[in-house]
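# Make a model of this:
(one chain, ligands or ions: 1)
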Amino acid sequence: MFEFVDQSLLPSQSNFGPVDELGGEVVITSSIRGKIPDDFPEGVYIRNGPNPLFGGLKSTKSIFGRSRHIWIEGEGMLHALYFSKDVSDGSWTVRYNNRHVETETFKLEKQRNKPSFLPAIGGDSPAILSAYLLNLLRFGKVNKYLSNTNVFEHSGKFYSIAENHIPQEIDIITLETLGNWDVSGAWNRPFTSHPKRAPGTGELVILGIDAVKPFMEIGVVSADGKELIHKVNLNLDRCSLCHELGVTQRYNVIMDFPLTLDINRLVNGGPLIKYNQEGYARIGVMPRFGDASSIHWFKVEPNCTFHIINSFEDGDEVVVWGCKALDSVIPGPDMSLNQFGWLPRRFKPADPNKENSDDISAADGKLFSHAYEWRLNMNTGKVMERYLTGKEFSMDFPMINGAFSGVKNRYGFTQVVDSIASSTSGMLKYGGLAKLHFEEPADVSLRNESQLEVETHMFEEKSFCSGAAFVPKQGGLEEDDGWAITFVHNEDTNISQVYVIDTKKFSDEPVAKITLPCRVPYGFHGAFLPIINNHHDEILTLSILAAVNFVVENVVEVMFIMKNSV
Ligand SMILES: [Fe+2]
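Residues are numbered from 1 along each chain as shown. This is a model prediction of the structure:
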């Protein structure tokens, strides 16, 4: 009844195609050009991303029409670089490995050795509904568990995550999937790709959206990772695709924006996922252990924001910085049909002055993503919004020094969209990195006029990055003491490398370029996770790592405040 059809890739899309597992780690020290700095921390740089089984993403044809995978699907594969240092002579050894995240549905399809789950997000409504039903009848699940978006650490354990399921615990040394993490049985629903560590306490704030009620719930996991100490239904009346939540010292920040997943809309012949540019948008500020009734909602201009750069308290205000666009890249272009009609105009720089004019139906610039600020006054309820960056760079995938998550920071880093390469290939490509300087004029009245200083680090032609992360310098005293690390693929040479860039000398050549033994496809989020001692030594125990995190966060924060008050 359903026939699987491969979604083909154009030559300009070839690095979105999957690779094989390496089968074990490879020492790549000899392929380092430049030098790993002496004060670089030991640890693992790890990135997640889609690596579909059976050759690539699929579509189906049937009497119900077409259903298709959308570009964010594909089974998660981890790519990891291990940095270990010889204590006797200070020399570095770097190893590389990759491995699929083996969710229940990955194992099921692998065992059957053929595509089995029907694509159930993109396509014609009757085909998607039929796919849902057939998947449910055959496998007990409406869709596959991808686990392809991010990697995080909590209490000395490491997890792979995509927000349609709970995290998969990973053996960080072997990349073996150890199984579901349901917080001792207390979290039985989807889980955000961007959980946040609460400043000061080490607790993990999590969120889960679902297609059925309750549409959104927030939870707080204890610092030791053993207990869900808070869980609350936010009583939303729609499934808003909130990809990331924010934390401040006292609050959780929730984005309820008009990119929604709606089964009723699908049943009525509409798309499952849709951005409604005229729908309402609001940001909720909830005390850490509050509930639906204690959320202070702030109405904001309709927008689509997947990622929060940071959020923090500033006097009476809660400040939220994010990467804001006026349309959604999800579900995005159809891989096989109209991608070239969909993307090109949308990446042109947006004109903020036209945002609320009669011209809002124009597609121009709708996906041009700016750094943006919302200032939410908890006393007056007033909202101030403004663009922080101009038309020169479209940016997303933000990162900051993790010690400043939830407290006021001075620097942020993002990946910079290559608008032309993205438009011509029909897929998002990032041709460089940006460093944002958040220093403000002391005079508040001047702030709306200001645009942040932006430094850039652009790559060679036809070279694009993914999974960029910030690595704080060991013993670093300033917030930007450290490195940006990222996977970079050169489409001319078909060689993949990892770049290490000094964030104090951001525009300079990378201090190290590490050539990888095989191609690494473009993917999603990366993280640098410290591992103490040698690569094969036992990693820190839960309690020690939590304590170290706590001390580092607070010492750095105090030193930063002292430095700025002098
Ligand atoms: Fe994300």
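# Tell me which strands the helix or strand hosting residue 151 pairs with, and in which orientation.
Secondary-structure assignment from DSSP states H and E places residue 151 in strand 150-154. Using DSSP bridges, strand 150-154 pairs in its sheet with strand 157-161 (antiparallel).
# Can you show me the CA trace of the strand it pairs with as CSV?
Written as CSV, here are the backbone C-alpha positions of strand 157-161 (Å, rounded to 0.1, in the frame of the first residue of the first chain):
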residue,chain,number,x,y,z
LYS,A,157,26.1,11.3,33.1
PHE,A,158,25.8,12.1,29.4
TYR,A,159,22.7,12.1,27.3
SER,A,160,21.7,12.4,23.6
ILE,A,161,18.3,14.1,23.0
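# starting at the chain centroid, how far to the helix or strand following it?
The C-terminal neighbour of strand 157-161 among helices and strands, as given by DSSP H and E, is strand 168-170. Distance of strand 168-170 from its chain centroid, counting by Cα atoms, centre = their mean, to the nearest Å, is 17 Å.
# contacts for strand 168-170?
Outside of strand 168-170, the residues that reach it under the criterion Cβ atoms under 8 Å, 6 or more residues apart in numbering are 78, 101-103, 147, 151, 157-161, 176-181. Placement of C-beta: from N, CA and C, glycine included.
# Let me know the secondary structure of residue 135.
Reducing the assignment to helix, strand or coil with DSSP: H, G, I helix; E, B strand; the rest coil, the entry for residue 135 is helix.
# Pretty sure it sits against residue 121.
No: distance between residue 135 and residue 121: 11.5 Å, which falls outside the contact criterion (Cβ atoms under 8 Å).
# anything in contact with each of these two?
Residues within reach of residue 135 and of residue 121 at once, by Cβ under 8 Å, 6+ apart, are residue 143.
# Now do the helices in this protein.
Per DSSP state H, the chain has helices spanning 104-112, 125-139, 263-267, 339-342, 419-425, 542-565. These are given in chain order.
# Chain neighbours aside, what residue packs nearest to residue 438?
In space, not counting the residues next to it along the chain, residue 438 is nearest to residue 410; the distance is 5.3 Å by Cβ to Cβ, 6 or more residues apart in numbering.
# Just give me the neighbour total for that neighbour.
Residues contacting residue 410 under the criterion other Cβ atoms under 10 Å number 17.
# likewise residue 461?
11.
# Excluding sequence neighbours, find me the nearest residue to it.
With Cβ to Cβ, 6+ apart as the criterion, residue 461 has its nearest non-adjacent residue at 7.5 Å, and that residue is residue 492.
# That neighbour contacts residue 459, doesn't it?
No: the pair residue 492 and residue 459 does not pass the contact test of Cβ under 8 Å, sitting 11.7 Å apart.
# Neighbour count: those two, which is higher?
Taking residue 492 and residue 459 together and counting by other Cβ under 10 Å, residue 459 has the greater number of neighbours (21 against 9).
# and the gap between that one and residue 33?
Look at residue 459 and residue 33: by Cβ to Cβ, to the nearest Å, they are 15 Å apart.
# Residue 93 now?
Residue 93 sits 16 Å away from residue 33 when distances are taken as Cβ to Cβ.
# likewise residue 389?
The value you get for residue 389 to residue 33, if Cβ to Cβ is used, is 32 Å.
# Comparing those two, which shows the higher neighbour count?
Using other Cβ under 10 Å, the more surrounded residue of residue 389 and residue 33 is residue 389, with 20 against 11.
# ok, and the closest non-adjacent residue to the more buried one?
Once chain neighbours are set aside, the closest to residue 389 by Cβ to Cβ, 6+ apart is residue 371, at 4.4 Å.
# which residues does residue 52 contact?
Applying Cβ under 8 Å, 6+ apart, one finds that residue 52 lies in contact with 18, 58, 69, 73-75.
# try residue 309
Contacts of residue 309 were listed using Cβ under 8 Å, 6+ apart, and they are 321-323, 371, 398, 400, 412, 414, 436.
# Residue 217: which of those is nearest?
Proximity of the contacts of residue 309 to residue 217 (Cβ to Cβ) peaks at residue 322, which lies at 21.5 Å.
# coming back round to it: in terms of mean pLDDT, which of the helices of the chain ranks lowest?
Across the helices of the chain, helix 542-565 has the smallest mean pLDDT, namely a mean of 45.
# picking that back up, which among the contacts of strand 168-170 count as buried?
Under a neighbour-count criterion of 16 or more other Cβ atoms under 10 Å, the subset of those counted as buried comprises 78, 101-103, 147, 151, 157-161, 177, 180-181.
# ok, what's across the strand from residue 471?
Each beta-bridge partner of residue 471 is listed here: residue 483, as defined by DSSP bridges.
# Let me know whether it touches residue 526 as I believe.
No: the pair residue 471 and residue 526 fails to qualify as a contact (Cβ under 8 Å) at a distance of 10.4 Å.
# Next, show the common contact partners of these two.
With Cβ under 8 Å, 6+ apart, residue 471 and residue 526 have common neighbours 45, 485.
# ok now do the nearest residue to residue 276 once chain neighbours are set aside, which residues does it touch?
Excluding the flanking residues, the one nearest residue 276 by Cβ to Cβ, 6+ apart is residue 258, at 4.4 Å. The neighbourhood of residue 258, defined by Cβ under 8 Å, 6+ apart, consists of 240, 275-281, 302, 304.
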